[in-house]
Structure formats: C-alpha cells, structure tokens
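[1] below are the sequence and a predicted model for it; my questions follow.
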Amino acid sequence: MTHEHRVHLSRAARPAYQALSAFSQTVGEISAASGVDDRLKELVQIHTSQLNGCAYCVRMHADRAVRAGVSVDVIAQVPVWRDSGVFSERERAGLELAEAFVFIHDDGVPDEVYDRVGGILSEQEYVALSWILVSINAFNRIAVAGRYDVPPRDDLAREDADAAAGTAW
C-alpha cells in the first residue's frame, strides 16, 4: 500500500529525535577534540548519505561542507573518490571507513579496512569517525524511511526547519 503522506519521525516522537540530536552533538564534540576537522566530517557524511540513498542528508551535508570551505569540485568527486586525486590519505581512509559502516551487514568492518584505516588515523580519530558514521547512518534511516522531501532550492520552506538551520545534527 502506497501512502502520499508518511509519518515524520522527527516530529512524531520529538523526545527520541531530540535525544538523537543531543547524541549527534556529543559526537561532534568528540570528533573536534580528536582532531577530525569539519572537511573530513562532512565528506564522510556526504558519502554515507549517498550510499544510503538519502538525498535529504546529502543536500544538508554538502551545504555544510561548502560552509567549511570544501569546493564544489571536491564534493562532486566524493562518489568516485577511489579514482580521484583530490582527497588526502586521511580523507580516503575516512571514505573507506564510511563504506564499511554503510555495508556493515556484509562483513562488519573488514580486518583489511580496519588495519589500513588504523595505519592512517589515530585511534582517537578512528573512534570519532566511527561515532560520526553511527550517527549519520541513524539520521539517514529516519529521512529515508520518512521519504523526506528534497524540493528544488526555490522551495525550501517545506524542509525540516531544525535540519535546515543546522540545529538537528
């Protein structure tokens, strides 16, 4: 059965969404304290959202990446990061880890990924990125399950005000 309107989870159970938002803010504090810069944080969230098919979060994190100084060229290269020369070794490690978290049901974080990423990132950075990836995967599932709108830029009034303002995560 297809429904035009779906339950908006962030509005229907506001305390749960606020708890997830608070969790995400804690994760942001951990990542900042661990040396994960905004560029890396946004790149892994864009890639995770792309892989999960979450257009809503792709838009939001692409906007945040631009505000963090990431160029449109770099953002456009995220889906083809393995074939692109625009990413640092740290960013490549983060993007590879993002893929492992999206496809965690296949083989967890495979030993070879864990070892490769662990050889590039510090343990604190690995932990922080892992929590960022747990968080963005949760938000992706909320938005995808609810089929959150991604209207053209001239019709942003329909976007979730919290998310659009950057206060949600």
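    Okay, I see it.

[2] CA only for contacts and neighbour counts going forward, please
    Noted.

[3] so the closest residue to Tyr114 other than its chain neighbours versus Pro110, what's the distance?
    Residue nearest to Tyr114 in three dimensions, not counting chain neighbours: Leu97, with 7.9 Å by CA to CA, 6 or more residues apart in numbering. The gap separating Leu97 from Pro110 is 10 Å, by CA to CA, to the nearest Å.

[4] which one's more surrounded, those two?
    Set side by side, Leu97 and Pro110 show more neighbours around Leu97, with 25 against 13, by other CA atoms under 10 Å.

[5] residues in contact with the host helix or strand of the more buried one?
    Element membership of Leu97, judged by DSSP states H and E, is helix 89-102. Applying CA atoms under 8 Å, 6 or more residues apart in numbering, the contact partners of helix 89-102 are 40, 43-45, 47-48, 51-52, 81-82, 108-110, 113-114, 116-117, 120-121, 129-130, 133-134, 137.

[6] in ChimeraX, how would I select the buried members of the residues you listed?
    Remark: buried members of the contacts of helix 89-102, expressed as a ChimeraX selection using 16 or more other CA atoms under 10 Å:
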select :40,43,44,45,47,48,51,52,81,109,113,114,117,120,121,129,130,133,134,137
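
[7] now, which of the contacts of helix 89-102 lie within helices?
    Under the assignment DSSP state H, the contacts of helix 89-102 contribute 40, 43-45, 47-48, 51, 113-114, 116-117, 129-130, 133-134, 137 to helices.

[8] identify the farthest-apart pair in the residues you listed.
    Taking CA to CA as the measure, the ones in helices among the contacts of helix 89-102 span a maximum distance of 22.1 Å, between Arg116 and Asn137.

[9] mind listing what's buried along stretch 22-42?
    23-25, 27-28, 30-31, 34, 36, 38-42.

[10] who touches it?
    61-62, 64-65, 68-70, 91, 94, 124-125, 128-129, 131-132, 135, 169.

[11] relative to Asp111, how far out is the spatially most central residue of the chain?
    Compute the mean C-alpha point of the chain, and by CA atoms, centre = their mean the closest residue is Gln45, 2.2 Å away. Distance of Gln45 to Asp111, given as CA to CA: 22 Å.
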